[in-house]
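# I would like to see how this sequence folds:
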Amino acid sequence: MARKLRVVVAGGGTAGHIEPALATADALKERGAEVIALGTTKGLETTLVPARGYELSLIDPVPVPRKPNVDLLKLPWRLLRSVRQAVAALKAHEADVLIGFGGYVSAPAYLAAKLTRTPFFVHEANARAGMANKLGVALGGKGLLATRAAGLGLKGEVVGIPLRASLSNAASPEELAAQKVRASQLWGIDPQRPTILVTGGSQGAVSINKAVTEAAPDLVKQGFQVLHQVGKKNPLPELSLSGYVPVHYVEDMAVAYAITDLVICRSGAMTVAENSARGKVAIYVPLPIGNGEQALNAADVVERGGAMLIQDAELSGELLSSTVAEISEPGRFSQMQHAVSSLHSGNAAQTIADLVFETADHPEDPEEQ
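All right, here's what the predicted structure looks like:
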């Protein structure tokens, strides 16, 4: 029997890098590949990867100082050490292919793949490519882009963003009904009433929390229920209002999406992809720091009429209420829903898996088919 295809996925730091890596790992594993993950001790991968059942090989992180300092002088030695660790991980796994998804772990991984002559892919989810992924493509990695606007000049094939199967696959009518019952049990949500899901990510977003708390009474008057994820470390708003349900964290997003009509959220690449995959109309409030990539992440869906965007500096309860009312005008919501549904690019994880098997020229395990 032929040896199974062996793949290393490298993505670390934030869920935006790790979740696409794990979704791709799932698709490869289903088709018989043996997959391990490469990460660092500094990111969420130390908990997320083992929780999904994958072996995690750790290397030292190599952050690049933004200003000249002592750490900048140490950078070459730190990078050399991390590359050696990544080379050791690729050799130990006898890797046939590497796939990088950005973050501190990816630059050493790309260099290690180049040194070991391991074919590698570079997936870019954001509108502006990070330094690691620019390096990966420059070294000869095949670029994979989330959208036609992703990477801003980074060369590659548009494949979408790999999502967990529970979020990327459409639920059957029976599954959807069960999820709505579950939502009612978890949060007291009435499946017959329109629902707004609010999320600023696992840590929450203070500005969104403030505006939603101010807008909640009016949103309820408009006929909505509001499921508000405030963030694990943020206090629950002191607002007792029927139809307004604040929680620290939503563990099962598939259940939340099942009862959601409209999403109010940041516009990280993963968030935009998940909303599009589920056909959810959204109001995006880009994170007002960094290089402006969050606004660019949402630009395509906004331009096509599937979402609206409010700048963080302009956000208020009054503006949020009026924007929701505008979206709710007769015919407007259905038009936006149609627009966002047309953007979903299919199953990116399976597309990447196809490319990996083709590149490795490796047959799939017949026992796994």
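# so which strand or helix has the residue lying closest to Ala23 once chain neighbours are set aside?
Distances taken as Cβ to Cβ, 6 or more residues apart in numbering place Pro162 nearest to Ala23, at 3.8 Å, with adjacent residues excluded. Bear in mind the C-beta positions are built from the backbone N, C-alpha and C, glycine included. If you go by DSSP states H and E, Pro162 is not part of any helix or strand.
# For Trp187, see how far away Pro162 is.
Distance from Pro162 to Trp187, counting by Cβ to Cβ, to the nearest Å: 28 Å.
# where along the stretch 1-150 of the chain do the strands fall?
For the stretch 1-150 of the chain, applying DSSP state E, counting those that start in this stretch gives strands covering 6-10, 34-40, 56-59, 97-100, 120-124, 142-145.
# got a list of contacts for the first one?
With contacts defined as Cβ atoms under 8 Å, 6 or more residues apart in numbering, strand 6-10 is touched by 21-22, 24-25, 28, 33-39, 57, 86, 89-90, 93-101, 103, 105-106, 109, 356.
# which residues touch Pro162?
Taking Cβ under 8 Å, 6+ apart as the test, what Pro162 contacts is 19-21, 23-24, 27, 123, 168, 348-349, 352.
# Among these, name the buried ones.
19-21, 23-24, 27, 123, 168, 348-349, 352 (16 or more other Cβ atoms under 10 Å).
# would CSV of the residues you listed with distance to Asn297 be doable?
Formatted as CSV, the buried ones among the contacts of Pro162 follow (distance: Cβ to Cβ, whole Å):
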residue, distance to Asn297
Glu19, 15
Pro20, 14
Ala21, 18
Ala23, 18
Thr24, 19
Ala27, 23
His123, 15
Ser168, 18
Ala348, 15
Ala349, 19
Ile352, 19
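# Could you export these as CSV, including pLDDT and distance to Ala298?
Below are the buried ones among the contacts of Pro162 laid out as CSV (pLDDT from 0 to 100; distance: Cβ to Cβ, whole Å):
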residue, pLDDT, distance to Ala298
Glu19, 91, 18
Pro20, 93, 18
Ala21, 95, 23
Ala23, 94, 21
Thr24, 96, 23
Ala27, 95, 26
His123, 95, 19
Ser168, 66, 19
Ala348, 91, 18
Ala349, 93, 22
Ile352, 96, 23
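# Domain ranges for this protein, per the record?
Here the domain assignment for the chain is 6-165+347-368, 170-341, based on automatic domain parsing.
# Strand 34-40 and the helix or strand hosting Asp354, what's the angle between them?
Taking DSSP H and E as the definition, Asp354 sits inside helix 348-360. For helix 348-360 against strand 34-40, the angle by axes from the mean of the first three to the mean of the last three Cα atoms, to 10 degrees is 110 degrees.
# what residues does helix 348-360 touch?
So helix 348-360 is contacted by 5, 7, 20, 23-24, 26-28, 31, 33, 96-97, 99, 119, 121, 123, 142, 144, 146, 157, 159-163, 165, 168, 364 (Cβ under 8 Å, 6+ apart).
# Please, a ChimeraX command that selects the buried ones among these?
The buried residues among those can be selected in ChimeraX (16+ other Cβ under 10 Å) with this line:
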select :5,7,20,23,24,26,27,28,31,33,96,97,99,119,121,123,142,144,146,159,160,161,162,163,168,364
